[in-house]
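Engineer: model this:
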Amino acid sequence: MGPSGPANPAGHEATDAEIFDAATGVFIPIPDLLSIERDRGRPRVVRLASGKLLVLGGNDKTSLAELFDPTARAFAPAAFLPYAVAKAQAVVRLNDGRVLVSGGSRDGTAVKDAAVYQP
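Structural biologist: Model (predicted):
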C-alpha cells in the first residue's frame, strides 16, 4: 500500500503510493515518493486546508516532509522537520492551518520533541 498503509507483503517499507477511486473501486498508482532512497513505512498523513496532503515520518532516517497534490497526482518537497522521526504519535492540523507533530521514535528511542509545520 501507499504512504498511509503498511509495509509491503515482503516486509519492506513502501516506496510507492496509490489513490483509491471510490467511483470505480480501483487503486490507481501514482509517482514514487520523492524520498525514495528513504523508504517510508507507516508514515503519517494529514490533509491541509489547501486539499494537499502532508506526508511525514515513517522512517527515522529522513526528516523530509512531502506534499501530495491529489489534483496533479504528484509529490513535492514540503519542508524538513527539525528531526527525523518514525511512528510520529500525533500529527494534527490546528485551527490556524499549521500542523503539530509530536512524539514518535528515533533509533528505537522515544522522541519527546514536538515541531510545527507552517504550510
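Engineer: C-alpha only now, for contacts and for neighbours.
Structural biologist: Will do.
Engineer: residue 51: neighbouring residues, count only.
Structural biologist: 12 (other C-alpha atoms under 10 Å).
Engineer: read off the pLDDT value for it.
Structural biologist: Note on residue 51: pLDDT of 93.
Engineer: tell me the contacts of it?
Structural biologist: Residue 51 is in contact with 69-70, counting by C-alpha atoms under 8 Å, 6 or more residues apart in numbering.
Engineer: with residue 49 instead?
Structural biologist: residue 97 are the contacts of residue 49 under C-alpha under 8 Å, 6+ apart.
Engineer: gap between it and residue 76?
Structural biologist: 17 Å (C-alpha to C-alpha, to the nearest Å).
Engineer: so after the helix or strand harbouring residue 67, what's the next helix or strand?
Structural biologist: Using DSSP states H and E, residue 67 maps to strand 64-69. The helix or strand immediately downstream of strand 64-69 is strand 74-80, counting by DSSP H and E.
Engineer: any idea of the mean pLDDT for the helix or strand just after that following strand?
Structural biologist: Following strand 74-80 in sequence order, the next helix or strand is strand 90-93 (DSSP H and E). For strand 90-93, mean pLDDT rounds to 89.
Engineer: related to what we said a few turns ago, mind listing what's buried in the strand holding residue 67?
Structural biologist: Buried positions in strand 64-69, judged by neighbour count with 16 or more other C-alpha atoms under 10 Å: 64-68.
Engineer: most widely separated two among those?
Structural biologist: Greatest spatial distance among those (C-alpha to C-alpha): 64 and 68, at 13.0 Å.
Engineer: show me the shaky parts of this protein.
Structural biologist: Applying pLDDT under 70 to the chain picks out residues 1-16, 31-41, 60, 88.
Engineer: mind doing that once more with 80?
Structural biologist: Along the chain, the parts satisfying pLDDT under 80 run over 1-17, 30-43, 57-62, 83-89, 104-108, 111.
Engineer: quick check, central residue of it?
Structural biologist: Nearest to the mean C-alpha position of the chain, by C-alpha atoms, centre = their mean, lies residue 55 at 2.2 Å.
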